[in-house]
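Build me a model from this:
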Amino acid sequence: QVQLVESGGGLVQAGGSLRLSCAASGRTFSMYAMSWFRQAPGKEREFVAAISWSGSNTYYADSVKGRFTISRDNAKNTMYLQMNSLKPEDTAVYYCAARRAAVTTTPRYDYWGQGTQVTVSS
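Residues are numbered from 1 along each chain as shown. Okay, here's the model as predicted:
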């Protein structure tokens with residue numbers, strides 16, 4: 001069982017930056033592929049970024065490529081999402097997710113956090 005807790009969300013102006021964190025419980029964090037998804041009001045949950053268990057492979061949605069960076073620190077059981085050049089369309093609840101299998105950009109993750117709100121004002 002893995003418990004995930006997101007933090008770092010908030011209100012920021014367009015063009016600004018935020019860094020989200022996802023803290024995981026358990027001693028096997030390094031064995032999990034991790035991902036960030038987001039869900040805006042009235043829209044389906046969508047993939048944002050993913051990272052392999054070792055951190056050597058990363059994947060991004062086209063909408064965030066070049067602006068967002070996913071990373072992880074296995075020694076701290078924590079994953080991050082650095083978000084730069086934020087746009088109003090990035091406004092959503094951001095969720096982290098984990099699975100003990102190969103990384104995927106689909107929502108087929110076993111564990112999910114409760115989400116953190118990111119609001120970008122124009």
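
So what sits opposite the most centrally placed residue in the chain in the bridge?
For the chain, the residue nearest the mean C-alpha position is W36 (2.6 Å; C-alpha atoms, centre = their mean). Under DSSP bridges, the beta-bridge partners of W36 are A49, C96.

which residues sit in contact with it?
Applying C-beta atoms under 8 Å, 6 or more residues apart in numbering to W36 gives the contacts 20, 22, 48-50, 70, 79, 81, 94-97. Using the backbone N, CA and C atoms, a C-beta is placed for each residue, glycine as well.

and if you look at L4?
22-25, 96-98, 111-113.

Sitting in strands, which of those residues do you find?
22-24, 96-98, 111-112 (DSSP state E).

If we only consider the residues you listed, which is nearest to Q1?
Here the nearest of those to Q1, counting by C-beta to C-beta, is Y111; it sits at 7.8 Å.

Can you show me the strands along this structure?
4-7, 10-13, 18-24, 33-39, 46-51, 58-60, 68-73, 78-83, 92-99, 111-112, 116-121.

ok, the first one: who's next to it in the sheet?
When sheet partners are counted by DSSP bridges, strand 4-7 sits next to strand 18-24 (antiparallel).

Please tell me how far the partner strand is from the chain's geometric centre.
7 Å (C-alpha atoms, centre = their mean, to the nearest Å).

Report the angle between that strand and strand 116-121.
On the basis of axes from the mean of the first three to the mean of the last three C-alpha atoms, to 10 degrees, strand 18-24 is oriented at 170 degrees to strand 116-121.

list the buried ones in strand 18-24?
18, 20-24 (16 or more other C-beta atoms under 10 Å).
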